[in-house]
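Undergrad: Build me a structure from this.
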Amino acid sequence: MNLSELREHLKFLVKAFFFYRRGFEYVWMRFVVAPRIFRRSAPLEKKQTRDDFSMHMFVGKRDFLMGMWSLASFYRYTRVVGSLVIHSDGSLEEKERAVISRLFPSAHIENSKEFLSRHAERIDTYPEIRRFRETYKRFQVRIVDQHFLSGKKIRLFMDSDLLWFREPKELTDSIESGVPKPLMMSNSDYIRMEFRDGSQSDDETSRPNGGLVLYREDQFDMRRCVDFLNKSDYVGKRFGDQAWMATILRPALLPEDTYIIKGTLTERVVMRHYTAPQRAKFFFYGLNFIWKDVLKKNVRD
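TA: Alright, predicted model coming up:
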């Protein structure tokens, strides 16, 4: 464990004990129960049901444990399955790759640090996108990678900090209907992005949350994609991948009471996005409710 990882563990421990006052539950779930997934020998994936559908997750060593549980819970409750692509941020080592191969044997692993050296020709016709991909080094490059690597008509992008509690019927119904309109989650508030000229993203593009995105290949508007990059100062200011994706897709929003970021886990909640400020809750207010159900049997059967 490096110094950065140690600091993050300490931050979550302090928050679990002194802010949420559920420190012992957090320690039990995070350090005793959750790692059990690494010792599982049987796969946790289901057989692919559609050849025109790809599922993507961007994962690094830092969020690897959460990512494996997120995928396991998704497979547990979904009935529509596509090909799985795991986009590594370059930090995954052989031991993490071995876990992926054992739990999700059909998964294809892509190293984001090798994207340009291996796939540069795929974006050569879009110099603005290539310039962004060469210049910007943070996780938002996932939008570029997953879009150009998919090769499928329908794509689902999922963050690694999601937990699933029920069948995502809105997603599966949309996929089975050919994805009439792109879908994204909704933020609890507007998250603005500032552009180079001082203007900000509007209401329509500031409300969608990028943790979950479903779209059809032909809905990815390249003109809007390039225009957004040309307006952005992605060297000097914070780049908003959520506003970028919302600008490209102009999506409909999933129900806020069933695909949630904050609030109570009611019997209607399908999925919760445990964003950075509440990562500790992933373990003591989420995983604690479903871990036995996820691991109790081989979901491939």
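
Undergrad: CA only for contacts and neighbour counts going forward, please
TA: Fine.

Undergrad: Can you list the strands that the longest strand along the chain pairs with?
TA: The longest strand of the chain (DSSP state E) is strand 208-216. The sheet places strand 208-216 alongside strand 154-158 (antiparallel), strand 183-186 (antiparallel), with pairing taken from DSSP bridges.

Undergrad: contacts for the first one?
TA: Translated: strand 154-158. For strand 154-158, the surrounding residues in contact (C-alpha atoms under 8 Å, 6 or more residues apart in numbering) are 52-58, 146-147, 175, 178-179, 211-217.

Undergrad: circling back to that earlier point, may I have the helix or strand that comes right after the longest strand of the chain exported as CSV, CA atoms only?
TA: Following strand 208-216 in sequence order, the next helix or strand is helix 222-231 (DSSP states H and E). C-alpha atoms of helix 222-231 as CSV (Å, rounded to 0.1, in the frame of the first residue of the first chain):
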residue,chain,number,x,y,z
MET,A,222,-19.4,14.0,-33.4
ARG,A,223,-20.1,17.6,-34.4
ARG,A,224,-21.2,18.4,-30.9
CYS,A,225,-18.3,16.4,-29.5
VAL,A,226,-15.8,18.5,-31.4
ASP,A,227,-17.5,21.8,-30.8
PHE,A,228,-17.5,21.1,-27.0
LEU,A,229,-13.7,20.4,-27.1
ASN,A,230,-13.0,23.5,-29.1
LYS,A,231,-14.9,25.6,-26.4
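
Undergrad: Just give the closest residue to Glu128, not the sequence neighbours.
TA: Counting by C-alpha to C-alpha, 6 or more residues apart in numbering, Val226 is the residue found nearest to Glu128 once chain neighbours are left out, at 6.3 Å.

Undergrad: which of the strands paired with strand 208-216 is buried the deepest?
TA: strand 183-186 (a mean of 25; mean count of other C-alpha atoms under 10 Å).

Undergrad: How far off centre is that strand?
TA: 12 Å (C-alpha atoms, centre = their mean, to the nearest Å).

Undergrad: quick check: mean pLDDT across the helix or strand following that strand?
TA: Heading C-terminal from strand 183-186, the first helix or strand you meet, by DSSP H and E, is helix 203-206. Computed over helix 203-206, the mean pLDDT rounds to 92.

Undergrad: What are the contacting residues of helix 203-206?
TA: The contact list for helix 203-206, computed with C-alpha under 8 Å, 6+ apart, reads 190-193, 242-244, 246-247, 250.

Undergrad: Kindly recompute the last result at 7 Å.
TA: For helix 203-206, contacts defined as C-alpha atoms under 7 Å, 6 or more residues apart in numbering pick out 190-192, 243, 246-247.

Undergrad: Then stretch 277-294?
TA: Here stretch 277-294 has contacts from 12, 16, 25-26, 29-30, 72-73, 76, 163, 274, using C-alpha under 7 Å, 6+ apart.

Undergrad: Return the subset of those lying in strands.
TA: Filtering the contacts of stretch 277-294 for strands - DSSP E - leaves Leu163.

Undergrad: Give me the buried entries from the contacts of stretch 277-294.
TA: 12, 16, 26, 29-30, 72-73, 76, 163, 274 (16 or more other C-alpha atoms under 10 Å).

Undergrad: Out of these, the closest to Tyr234 would be?
TA: Tyr274 (25.4 Å; C-alpha to C-alpha).

Undergrad: Tell me how many other residues surround the nearest residue to Glu167 once chain neighbours are set aside.
TA: Using C-alpha to C-alpha, 6+ apart and skipping the chain neighbours, the partner closest in space to Glu167 is Tyr77 (4.7 Å). Neighbour count for Tyr77, taken as other C-alpha atoms under 10 Å: 17.

Undergrad: Can you verify Glu110 is assigned to a strand?
TA: Yes - assignment of Glu110 by DSSP: H, G, I helix; E, B strand; the rest coil places it within a strand.

Undergrad: Report the contact partners of it.
TA: 86-88.

Undergrad: Among those residues, name the ones in strands.
TA: Members of the contacts of Glu110 lying in strands (criterion: DSSP E): 86-88.

Undergrad: Out of those, flag the one nearest to Met222.
TA: His87 (21.7 Å).
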